[in-house]
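**Student:** Need coordinates for the following:
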Amino acid sequence: MVMFSMHTLSTLIGAAFPYVLSKTLTEIICVVLFLGFGAFMVYEGLFSDGDDVNFTCKDNNVNYRVKMREKRLKKNSEIIQLA
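**Tutor:** Got it, this is the predicted structure:
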């Protein structure tokens, strides 16, 4: 949601505001938005629980184990069929 709003605001500022506002005011607005979104992302990175990262890592680990197990079972079944 933040990325969508940041994209929308930057598009509006880049396209419409220079014609309506002075160049200096447009630059100040851009700097404030840039710093605001940057501070929000830094704050979120420092003080988040990290649950999203843990779930992603656990999911990847489970998927890897399942793929490796399937590969072993397939290999074992091929060996049994050859015998």
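
**Student:** Which segments of this protein make up each domain?
**Tutor:** Listed domain ranges for the chain are 1-48, 50-83 (source: automatic domain parsing).

**Student:** Adding mean neighbour count and mean pLDDT, write those out as CSV.
**Tutor:** (Each C-beta comes from the backbone N, C-alpha and C, glycine too.) Listed next are these as CSV, based on neighbours: other Cβ atoms under 10 Å; pLDDT from 0 to 100:
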stretch, mean neighbour count, mean pLDDT
domain 1-48, 11, 87
domain 50-83, 10, 68
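
**Student:** by contact count, what packs against whatever helix or strand residue 8 lives in?
**Tutor:** Under the criterion DSSP states H and E, the helix or strand holding residue 8 is helix 2-15. Packed against helix 2-15, as judged by 3 or more Cβ pairs under 8 Å, 6 or more residues apart in numbering; DSSP states H and E, are the following elements: helix 23-47.

**Student:** List the contacts of the helix it packs on.
**Tutor:** Identification of contacts with helix 23-47 by Cβ atoms under 8 Å, 6 or more residues apart in numbering yields 2, 6, 9-10, 13, 17-18, 21.

**Student:** List the contacts of the most centrally placed residue in the chain.
**Tutor:** Central residue check for the chain by Cα atoms, centre = their mean: the C-alpha nearest the mean position is that of residue 3, 9.4 Å away. By Cβ under 8 Å, 6+ apart, no residues touch residue 3.

**Student:** Distance check, it against residue 10.
**Tutor:** Distance, residue 3 to residue 10, using Cβ to Cβ, to the nearest Å: 11 Å.

**Student:** next SSE after the helix holding residue 8?
**Tutor:** helix 17-20.
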